[in-house]
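Q: I'll drop the sequence and a predicted model, then ask my questions.
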Amino acid sequence: MSKFGKWLGGGLGWAMGGPVGALIGFALGAVFDDSGPAVKASNTKYRTQRGDFSASLIILVAAVMKADGQVMKAELEYVKAFFVKHFGVEVTKEQMLLLRDILGRDIPLYEVCTQIKGNMEYASRLQLIHFLFGVSMADGQVHDTEVKTIEQIASFLNINMADFNSLKAMFYADTDSDYKILEIHNSASEEEIKKAYKRMAVKFHPDKVSHLGEDYQKDAKEKFQKVQQAYENIKKQRGIK
C-alpha cells in the first residue's frame, strides 16, 4: 500500500472504508501488483485529511466526466494539471491510472456522496463542487449533462441551492452572475449587497480549508477572489463607494 499512501498525500482516515474505499480498492487492485491486503472499513469519523479529499475527488471527477458519455482530453489535462500541482509528476502518473480505471466502473453516486457528506465538513464539500465545475468547463463548453450531474452530487452532499448557484455562476456567466455569486437578487439594496459580500467572504475564505494543506488553500482563493470581483463589479455598476 506504499504507493497508495504516497499519492494520497497521507492521512486516509474514513476514505478507506465504505463505497469510496471499495472503488479505490478495486482500482488499486487493477493498477498495482503490490497493493497489499484490503483495509477494513472503520466506523470512526475523522477530520477531513488531504487523502480523504483526494480519494473523494477522484471518484466524483470520474462521475462528472462520464456524464455526457465521452471523456474529453481537455478534461483529463485539467485534472492532470491539478494533481501535478499538488503531488508532483510521478505521483500524478499513478493517480491518472486510478482515474482511468474508475472511469470504466459503475459509480454508486448516492452511496459515495452519502459517505463523503457524513465525514467531510461543509467547506471542503464546497471545494469539491468548485473543482468539479472547473472540470466541466475545461474544454470551454457547457455540457448540460455534466452540470446536471454536478447538481445531483451537490444535492447528495447536502449543498444548499444558494451556494450551488453561487459556485455555478463563477463558471457560467450571465447578466446576473455577480448577484448569484453573492447569493442575492439584482434588486438588492446597497446595504444588502454589503452584508452579502461580508457573509460570502467568510463562507469562502481560504482558511476554511487550511487543514487540507497549503496548495488546496491556494485553490480555495479562486472562490474567494470571485466573490471579491463580483462585489467590485456590482459596486462599479451601482456607483457604490
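A: Now that the structure is in, tell me what you want to look at. Numbers count the residues shown, from 1 in each chain.

Q: Now do the same for Gly69: helix, strand or coil?
A: Following DSSP: H, G, I helix; E, B strand; the rest coil, we place Gly69 in the coil state.

Q: what's around it, how many residues?
A: Gly69 has 6 neighbouring residues, counting by other C-beta atoms under 10 Å. C-beta coordinates here come from the backbone N, C-alpha and C atoms, glycine included.

Q: just for this structure, where's the confidence low?
A: Within the chain, the ranges that satisfy pLDDT under 70 run 1-13, 28-51, 142.

Q: Any buried residues in the lengthiest helix in it, and which?
A: Across the chain, the longest stretch assigned as helix under DSSP state H is helix 214-238. Within helix 214-238, the residues that count as buried by 16 or more other C-beta atoms under 10 Å are 216-217, 219-220, 223-224, 226-228, 230-231, 234-235.

Q: same deal with stretch 121-131?
A: 123-131.

Q: In contact with Ile129, which residues?
A: 150, 153-154, 157, 159, 164, 167 (C-beta atoms under 8 Å, 6 or more residues apart in numbering).

Q: Same list (those) but as CSV, adding neighbour count and distance to Met16.
A: Compiled in CSV, the contacts of Ile129 are given as follows (neighbours: other C-beta atoms under 10 Å; distance: C-beta to C-beta, whole Å):
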residue, neighbour count, distance to Met16
Ile150, 26, 25
Ile153, 24, 21
Ala154, 24, 25
Leu157, 22, 20
Ile159, 21, 24
Phe164, 19, 29
Leu167, 25, 28
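
Q: how about those in CSV, adding secondary structure?
A: Output for those, formatted as CSV (three-state DSSP):
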residue, secondary structure
Ile150, helix
Ile153, helix
Ala154, helix
Leu157, coil
Ile159, coil
Phe164, helix
Leu167, helix
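
Q: Could you dump those residues into CSV with distance to Asp139 added?
A: Below are the contacts of Ile129 laid out as CSV (distance: C-beta to C-beta, whole Å):
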residue, distance to Asp139
Ile150, 15
Ile153, 19
Ala154, 21
Leu157, 24
Ile159, 24
Phe164, 22
Leu167, 19
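
Q: if we can go back for a sec, for the longest helix of the chain, give me every contacting residue.
A: Against helix 214-238 from outside (C-beta under 8 Å, 6+ apart): 50, 53, 82, 85-86, 126-127, 130-131, 167, 170, 177-179, 181-182, 190, 193, 197, 200-201, 204-210, 240-241.

Q: again, only using 6 Å
A: If you take C-beta atoms under 6 Å, 6 or more residues apart in numbering as the criterion, helix 214-238 is touched by 86, 127, 130, 170, 178, 181-182, 193, 197, 200-201, 204, 206, 209-210.

Q: now do stretch 178-196
A: In contact with stretch 178-196 (C-beta under 6 Å, 6+ apart) are residues 162, 165-166, 169, 176, 200, 226, 230, 233-234, 240.

Q: Could you rerun that using 10 Å?
A: By C-beta atoms under 10 Å, 6 or more residues apart in numbering, the surrounding residues in contact with stretch 178-196 are 160-163, 165-170, 172-176, 197-201, 203-204, 223, 226-241.

Q: now it: how far from the chain's centre is it?
A: In terms of C-alpha atoms, centre = their mean, to the nearest Å, the centre of stretch 178-196 is set 25 Å apart from its chain centre.

Q: Please apply the same query to stretch 140-147.
A: On C-alpha atoms, centre = their mean, the centre of stretch 140-147 falls 16 Å from the chain's centre.
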